[in-house]
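K.L.:
Below are the sequence and a predicted model; questions follow.
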There are 2 protein chains.
Amino acid sequence: MNRNGLGRNKGWHRIMHGRGFRVTAPREAVLSVLEKEKTHLSAKEIYAKVIVIEPSVGLTTIYRTLEMLAEMGVINRVEIGDKTTRYEIKSNSSKHHHHIICTNCRKVIDYSEFSEEEKKLFTKMTKNIEKKYNVKITGHNVQFFGICLDCEK
Amino acid sequence: MNRNGLGRNKGWHRIMHGRGFRVTAPREAVLSVLEKEKTHLSAKEIYAKVIVIEPSVGLTTIYRTLEMLAEMGVINRVEIGDKTTRYEIKSNSSKHHHHIICTNCRKVIDYSEFSEEEKKLFTKMTKNIEKKYNVKITGHNVQFFGICLDCEK
DNA sequence: CTCCTTATTGATAACCGTTATCAATAAGAT
DNA sequence: ATCTTATTGATAACGGTTATCAATAAGGAG
């Protein structure tokens, strides 16, 4: 257990190191926050939580770290239509999922209980697209829009 | 054929009027541009094309008009990850489609040749989600990410 | 057609998320 | 312990979008 309460994640050290990145306190703090939250936070929201752990960290560093983690494939950028980029960690516990977004309050529900049928069809769609358009597909993003229970009144 | 070359679209007049909106030259010009282009333009790009038709129109009006058209359901907002909102018209000729986005050059391919299987599954997924999460689904957005032929070198 | 109400417009400034700059700092190899 | 250089934080700048407000014009009433 290091100073940030980041216990089992020494793995990051190796991954970062392997890519030639240095392991720093701000980076550990950002990972610690994302690991705990598992929800869709904006850079500002992450910043607010990070400075509790490491008060000297600047907002710029948050943006830079998020940029780096996204490039490393450790986190996903999530756009839910509220004009800011949000981030979610791709841990082994949180699988690939789709998003259900309330167009009124912008609440997000993660949807990951895919049926075998759904999984197969997405695989098939991906292959079809690759063949038909001669592209290499690296991922997909699915959003369902609607009005959540709370906003329905 | 009115002054903007907008012939068969007098329908907009009725729709706008019905909602209590006035039919103005800037609005007709924006619709004219979107109708012609059918691709994913940013507000600035639309502005550049509009001022050819109506030189006195300001950028602010473009934003306001796009906001209105989106609210009316006449156009879609499209996010392709290049930090600007893009717009596409929902004409009867351009059906519902998904997007294939090159993560390198941000080119977008529309994908609308859905198989019956795909259509059925999306309908089923929508119903499942509505039941399971108690929400009213109004639409969905699907993006496939990859590297296009040109960027593959 | 003319008048009148009020939605709409355009110029400008403000806003806000994100990024560039740059001297100071510190990770980690030697 | 030293040294190279990636990283940092403060600040300013940037770019897309929105608020402000007086001037304009759509379109209904007469």
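P.N.:
Good, I have the coordinates.
K.L.:
Going by neighbour count, which residues in the strand or helix carrying A:Asn128 are buried?
P.N.:
Using DSSP states H and E, A:Asn128 sits in helix A:116-133. Residues A:Glu118, A:Leu121, A:Phe122, A:Met125, A:Thr126, A:Ile129 are the ones in helix A:116-133 that count as buried (16 or more other CB atoms under 10 Å in any protein chain shown). From N, CA and C alone the C-beta is placed, and that goes for glycine too.
K.L.:
any idea of the mean pLDDT in it?
P.N.:
Mean pLDDT, computed over helix A:116-133, is 95.
K.L.:
go on, stretch A:94-107?
P.N.:
Stretch A:94-107 comes out at a mean pLDDT of 92.
K.L.:
Report the inter-axis angle for the longest strand seen in chain A versus helix B:116-133.
P.N.:
Across chain A, the strand with the greatest residue count (assigned by DSSP state E) is strand A:136-147. Interaxial angle, strand A:136-147 versus helix B:116-133 (axes from the mean of the first three to the mean of the last three CA atoms, to 10 degrees): 50 degrees.
K.L.:
And strand A:136-147, what does it pack against?
P.N.:
Counting contacts by 3 or more CB pairs under 8 Å, 6 or more residues apart in numbering or on different chains; DSSP states H and E, strand A:136-147 is packed against strand A:98-102, helix A:116-133, helix B:116-133, strand B:136-147.
K.L.:
neighbouring strands for the last one, and are they parallel or not?
P.N.:
When you say that, I think you mean strand B:136-147. Sheet pairing of strand B:136-147 (DSSP bridges) gives strand A:136-147 (antiparallel), strand B:98-102 (parallel).
K.L.:
Buried deepest among those, which one?
P.N.:
Ranked by mean neighbour count, those are led by strand B:98-102 with a mean of 21 (mean count of other CB atoms under 10 Å in any protein chain shown).
K.L.:
what sits up against the first helix or strand past that one going along the chain?
P.N.:
Next helix or strand after strand B:98-102 toward the C-terminus (DSSP H and E): strand B:108-111. Identification of contacts with strand B:108-111 by CB atoms under 8 Å, 6 or more residues apart in numbering or on different chains yields A:129, A:133, A:135, B:39-40, B:78, B:80, B:94, B:97-102, B:144, B:148.
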